[in-house]
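Peer 1: Let me see the structure of the following:
(2 chains)
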Amino acid sequence: MSKIHIPTPLRQYVGKQSMVEIEAGTVAEAMNGLLMQHPELRRHLYTEEGKLRAFVNLYVNDEDIRYLQKEETAVKEGDNISIVPSIAGGAA
Amino acid sequence: MATTTEIPVTLNKDEILRYSRHLIMPEVGMEGQQKLKAARVLCIGTGGLGSPLALYLAAAGVGTLGLVDFDVVDYTNLQRQIIHSTADVGRKKLDSAADKLTAINPFLNLRTFDTRLSSENALELFRDFDIIADGTDNFPTRYLVNDACVLTGKPNVYGSIFRFEGQASVFATEDGPCYRCLYPEPPPPGLVPSCAEGGVLGILPGLVGVMQATEVIKLILGVGDPLIGRLLLIDALGMKFRELKLRKNPECPVCGSHPTVTKLIDYNQFCGIRGEEKPVGNGVPEIQVEELKRRLDAKEDLFVLDVREPHEYQICNLGGHLIPLNDLPKRVNELDSSREIVVHCKMGGRSAKAVAFLQQSGFTKVHNLAGGITAWSDRVDPKVPKY
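Peer 2: Numbering: from 1, shown residues only, chains lettered A, B, ... in the order given. As a prediction, the model looks like this:
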């Protein structure tokens, strides 16, 4: 199982969970598995063309998948996948 | 490393006493304290992040501190913006902050800029400083700060918060990545809630702002490992800190090898915001709070639907039927489309979305309560608390 870490702004779409465990061989498989369970999450992460949105990054452990094999990056037992969207808060 | 001034800086007897706990540490020492005194740091915003940031930098002996803010202290700021006190409500944040900072350290050279940071003034403002600390609260200003830092070659000490989660990094150093390497584009408006909508744990900006202050001081002293090329994720609820690697993107539109952004742009437009960022009605039918009050008093058959979250309902309510906006699609069968429905939330933004959804679902007699329960408190019943 791989762990997918869900950031605060998106937890409302995954039943308030902070982490979801998924059996998968690649990042794409893991994300598909997550979206099958929580279809509402899709539009927050992907464009209508199915492209990962530009303000969302996916990491396997501490590496950005854009610098690995993108969504084809392999994941193994115990790997941590992180969804890291941009947040802007600070002053108001 | 970041200081550019050539004038030799010396400490007087009072300063030596004040900074003694720094001076006896080899990592700072007299040389480091002189670097701090020679340094010029610009803090964008004196809010949640800017409060601890400015307080600690002033206390630590940063010689020149610039503050950019245009806002006025509000009662709801006090839960986290610790540079401001209750007596400051209604004062300019700059005046309030200046009082506290000069009280902490009279040796501070404080420069205040009573303005909203913009594409017109950013490069000029940044020119006189060595390091920029970003304590803003919105995407347009974050991209503006980043791009202006890249264009002027100043490090951008970054912190950002949401609810109980924070991010911190140091962007736009000579060889390091910038904010756009991490996020080339901002989210479209409405997809990511702001702190005003989503809330923020009061201590979190303290935690993240102090991390920013730490990074600023390390950059000035040239010691330790700054957060260059690393994104620190802070989860205050789990009290977990994780670190992700950031790389300089060779195709980055602003700091890449063939930049397409070579001057400051219109960041509101870039972030998809036209005009002021106010709760918009989306063109759905609206009802004013006075009219709702009159019609309820006249015992007209109106169904009041509250689309806020249960914890908000506990703070105050109008006795409406509660279905949080996100639950509306699966609970729409609880509503009777033959009745006239008035939908409200806190300010009118979420309820406008709910009205649009209900219209698409075949409801014809739905109205959005303009200004939400906040307007009700302002204009109908001041006993209803605002939050």
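Peer 1: mind listing the strands in chain B by residue range?
Peer 2: B:40-44, B:64-69, B:109-114, B:131-134, B:156-162, B:165-171, B:230-235, B:240-245, B:286-287, B:302-306, B:321-322, B:340-344, B:366-369 (DSSP state E).
Peer 1: burial measure for B:Lys100, as a count.
Peer 2: A count of neighbours around B:Lys100, defined by other C-beta atoms under 10 Å in any protein chain shown, yields 18. (Each C-beta comes from the backbone N, C-alpha and C, glycine too.)
Peer 1: returning to that earlier point: ok, which of the strands of chain B comes nearest A:Lys3?
Peer 2: Closest to A:Lys3 of these, according to C-beta to C-beta: strand B:240-245, at 11.8 Å.
Peer 1: chain center to the closest one, what's the gap?
Peer 2: Here strand B:240-245 is found 21 Å from its chain centre; the criterion is C-alpha atoms, centre = their mean, to the nearest Å.
Peer 1: Might you report the residue contacts of B:Arg160?
Peer 2: Actually, residue B:160 is Ser rather than Arg. A:86-90, B:142, B:166-168, B:208 (C-beta atoms under 8 Å, 6 or more residues apart in numbering or on different chains).
Peer 1: Go again with 7 Å.
Peer 2: Contact analysis of B:Ser160 by C-beta atoms under 7 Å, 6 or more residues apart in numbering or on different chains lists A:87-90, B:166-167.
Peer 1: Determine which two of those residues are furthest apart.
Peer 2: Across the contacts of B:Ser160, the longest distance by C-beta to C-beta is 11.8 Å; it joins A:Ala88 and B:Gly166.
Peer 1: so where do the helices sit in chain A?
Peer 2: Assigned by DSSP state H, chain A shows helices spanning A:27-37, A:42-45.
Peer 1: Not counting the shortest one itself, show me its contacts.
Peer 2: Read it as helix A:42-45. A:10, A:13, A:35, A:52-53, A:56, B:191.
Peer 1: follow-up on the earlier one: where's the dip in pLDDT among the contacts of B:Ser160?
Peer 2: Lowest pLDDT among the contacts of B:Ser160: A:Gly90, with 64.
Peer 1: Quick check: residues of chain A near chain B?
Peer 2: For chain A, the residues in contact with chain B (C-beta under 7 Å from any C-beta of the partner chain) are A:7-9, A:12, A:44, A:54-55, A:57, A:59, A:62-64, A:67, A:82, A:84-92.
Peer 1: Give the ChimeraX command for selecting the buried subset of those.
Peer 2: Those of these that count as buried under 16 or more other C-beta atoms under 10 Å in any protein chain shown are selected in ChimeraX with:
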select /A:7,8,9,12,44,55,57,59,64,82,84,85,86,87,88,89,90,91,92
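Peer 1: Sitting in strands, which of the residues of chain A next to chain B do you find?
Peer 2: Here DSSP E is the test, and the residues of chain A next to chain B give A:57, A:59, A:63-64, A:82, A:84-85 as lying in strands.
Peer 1: what's the most distant pair in those residues?
Peer 2: By the measure C-beta to C-beta, A:Glu63 and A:Pro85 form the most distant pair in those, at 17.4 Å.
Peer 1: Can you tell me the centre-most residue of chain A?
Peer 2: Note on chain A: the residue nearest the mean C-alpha position is A:Ile83, at 3.8 Å, using C-alpha atoms, centre = their mean.
Peer 1: Could you check how far that one is from B:Glu165?
Peer 2: Distance of A:Ile83 to B:Glu165, computed by C-beta to C-beta, to the nearest Å: 12 Å.
Peer 1: Show me what residue of chain B gets nearest to chain A.
Peer 2: Here chain B gets closest to chain A at one residue, B:Gly47, 2.8 Å apart by C-beta to the nearest C-beta.
Peer 1: what number of residues lie near the nearest residue to B:Asn268 once chain neighbours are set aside?
Peer 2: Spatial nearest neighbour of B:Asn268, excluding adjacent residues (C-beta to C-beta, 6 or more residues apart in numbering or on different chains): B:Pro140 at 5.1 Å. Neighbour count of B:Pro140, defined by other C-beta under 10 Å: 23.
Peer 1: List the contacts of B:Pro140.
Peer 2: B:267-268, B:270-271, B:273.
Peer 1: and the lowest-mean-pLDDT helix or strand in chain A, how far from the chain's centre?
Peer 2: Least confident helix or strand, chain A: helix A:42-45 with a mean of 89, by mean pLDDT, DSSP states H and E. Helix A:42-45 sits 10 Å away from the centroid of its parent chain (C-alpha atoms, centre = their mean).
Peer 1: Which positions within it qualify as buried?
Peer 2: A:42, A:44-45.
Peer 1: Looking at these, which is nearest B:Gly135?
Peer 2: Lowest distance from B:Gly135 to these (C-beta to C-beta) belongs to A:His44, with 26.3 Å.
Peer 1: B:Ile104 versus the closest one, what's the distance?
Peer 2: Relative to B:Ile104, A:His44 is positioned 43 Å away (C-beta to C-beta).
Peer 1: coming back round to it: can I assume the residue of chain B closest to chain A is in contact with B:Asn138?
Peer 2: No: using C-beta atoms under 7 Å as the test, B:Gly47 is too far from B:Asn138 to be in contact (11.1 Å).
Peer 1: of those two, who's got more company?
Peer 2: A count of neighbours by other C-beta under 10 Å puts B:Gly47 above the other of B:Gly47 and B:Asn138, at 29 against 22.
Peer 1: Before we move on, what's the pLDDT of that one?
Peer 2: 95.
Peer 1: coming back round to it: from the helices of chain A, which stretch is densest packed?
Peer 2: Among the helices of chain A, helix A:27-37 has the highest mean neighbour count (mean count of other C-beta atoms under 10 Å in any protein chain shown), at a mean of 18.
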